[in-house]
Structures are given as C-alpha cells and as structure tokens.
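1. just coords:
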C-alpha cells in the first residue's frame, strides 16, 4: 500500500484558513478544503477528523494571531489612548487583499451565532482576552485624564470590540483606507476627554465630515440618506 503523502501541517492550515475566510464554513466542501490544503483524502482523514475539526483549528489560530497582533500594537504605543486609536487604525493599514477577506471570528459568529459550543468557546476566549486588556488600557487612560470620566471601562471596552467587528465588515465591503481611518477617528471621539468634546463640538463636526467622505468616496449612498444627521 502506498504511503500517504507527507505535508506541512502549518502551511495546510494557512490554506484552510484562507478558503474559510473566502467562502465560510457551510459553503466549503471537504473536497474544496483538502484541495486548497494540497493533501490527499487519506492524509486528510489521517490528520483531521473532518471539515469541522479543521475549521475549529483554523478559527483558534486566526483569533490567537489577531489578539497577539493587537497586543503588540498596545505594547508599542506610548499612551493608553494612542494604543486604542492605533488598534482601530491598524485595520485601515492592512493590505487591501487582507481587508477583502472575512474576519473569521466575525464570520463564525454570523454563521453559527451561539448554536455551536466549540465555536462559541473559541470566540469567547479571544473576546475575554481583548476585554481584559482593553479594560486595563481604559482604566489607565481614565487615570491619566485621557478618557471621559463618566465612562465605565468595561462598557467602553465592549463598545470598542463592537467597533472593531463593524470595521472588519466595512473593510470587506470595500471601504477605502481613508474611509476606515475616518471611522477609527470618529469611534474614538466620544470617549476622549477634551474641552471641545464636553460641548459636542468636535464630535458633530467630525461626524459630518465623515458622512460626506463616505458619500463621496464609497459612492454607495445618496446625500438624502444622511439628511437626518444634520437636522437635529
């Protein structure tokens, strides 16, 4: 009997991750998967239990790499608020090809919701790690008077995680680098402590600028769609 062809497991997993990010779990067949991974059927089943096993391993790796990447951004930033801004802006700075792929963490939530215990456990672990570090940064920012004093670090950290998820979806939808940077700026304005923010001046002006940029750059919405935003 011929021996199964040996393969680089890490490289195969990277290929699996790529196809899952492009097609999702349900739309990827086992044959799609093993062909993308460059391995035969016998090698596939000798190594993995099946498609779901590969998906969970890919999701675990993807989430871990993302979280570690954000931690590295935090480590290099010179202040807690700058660390938060840099985290959001980092999405805009990614290669367009990377931005065009789905965030597997967000995509897995959209596809499975809370119905799959394994998927939920992996996502909960990464979300918890991010929540903990963001709360710490926000607590430091509050102590340094960089954060609005009325804001709760835990709730604000959850807001930032939701913003990250939304920006990932917006990036895949084709938003430009400049538009994503504008979104990151707007997202930080409500939480920063500044004299202008206390009166809502910066937030309103910046929001209007952002809306106009989105209309002009993305060309997907009409001016009247945002008319309500300027008639408060």
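-> Arrived safely, thanks for sending. The structure presented is a predicted model; accordingly, all values stated were derived computationally and were not measured. Numbering: from 1, shown residues only.

2. In the chain, where is pLDDT below threshold?
-> Across the chain, the ranges flagged by pLDDT under 70 are 1-6, 194-232.

3. residue ranges for the helices of it, please.
-> For the chain, the helices defined by DSSP state H cover 9-23, 30-37, 41-47, 51-76, 80-93, 96-99, 104-112, 117-143, 153-172, 177-188, 195-198, 201-218.

4. helices or strands up against the first one?
-> With contacts defined as 3 or more C-beta pairs under 8 Å, 6 or more residues apart in numbering; DSSP states H and E, the packing partners of helix 9-23 are helix 30-37, helix 51-76, helix 104-112. (Each C-beta comes from the backbone N, C-alpha and C, glycine too.)

5. Tabulate those (a markdown table), appending mean neighbour count and distance to residue 141.
-> Formatted as a markdown table, the helices and strands packed on helix 9-23 follow (neighbours: other C-beta atoms under 10 Å; distance: least, C-beta to C-beta, whole Å):
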| stretch | mean neighbour count | distance to residue 141 |
| --- | --- | --- |
| helix 30-37 | 18 | 43 |
| helix 51-76 | 17 | 12 |
| helix 104-112 | 20 | 25 |
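
6. Among those helices, which comes closest to residue 119?
-> Ranking those by proximity to residue 119 (C-beta to C-beta) places helix 104-112 first, at 4.7 Å.

7. out of the helices and strands packed on helix 9-23, nearest to residue 95?
-> Smallest distance to residue 95 across those (C-beta to C-beta): 13.6 Å, for helix 51-76.

8. Surely residue 184 and residue 93 touch.
-> No: here residue 184 lies out of contact with residue 93, judged by C-beta atoms under 8 Å, at a distance of 10.0 Å.

9. what's the overlap in contacts for these two?
-> Counting by C-beta atoms under 8 Å, 6 or more residues apart in numbering, no residue touches both residue 184 and residue 93.

10. Which one's more surrounded, those two?
-> residue 184 (21 against 12; other C-beta atoms under 10 Å).

11. how near is the more buried one to residue 177?
-> 11 Å (C-beta to C-beta, to the nearest Å).

12. Now do residue 126 against residue 103, distance only.
-> 11 Å.

13. overlap in contacts of these two?
-> In contact with both residue 126 and residue 103: residue 66, using C-beta under 8 Å, 6+ apart.

14. contacting residues around residue 34?
-> 40-41, 44.

15. now with 10 Å?
-> Counting by C-beta atoms under 10 Å, 6 or more residues apart in numbering, residue 34 touches 12, 15-16, 40-41, 43-45, 47-48, 51, 54.

16. hmm, which of the residues you listed are the buried ones?
-> 12, 15-16, 43-44, 47-48, 51, 54 (16 or more other C-beta atoms under 10 Å).

17. tell me the two of those that are most distant?
-> The widest separation within the buried ones among the contacts of residue 34 (C-beta to C-beta) is 14.6 Å, between 43 and 51.
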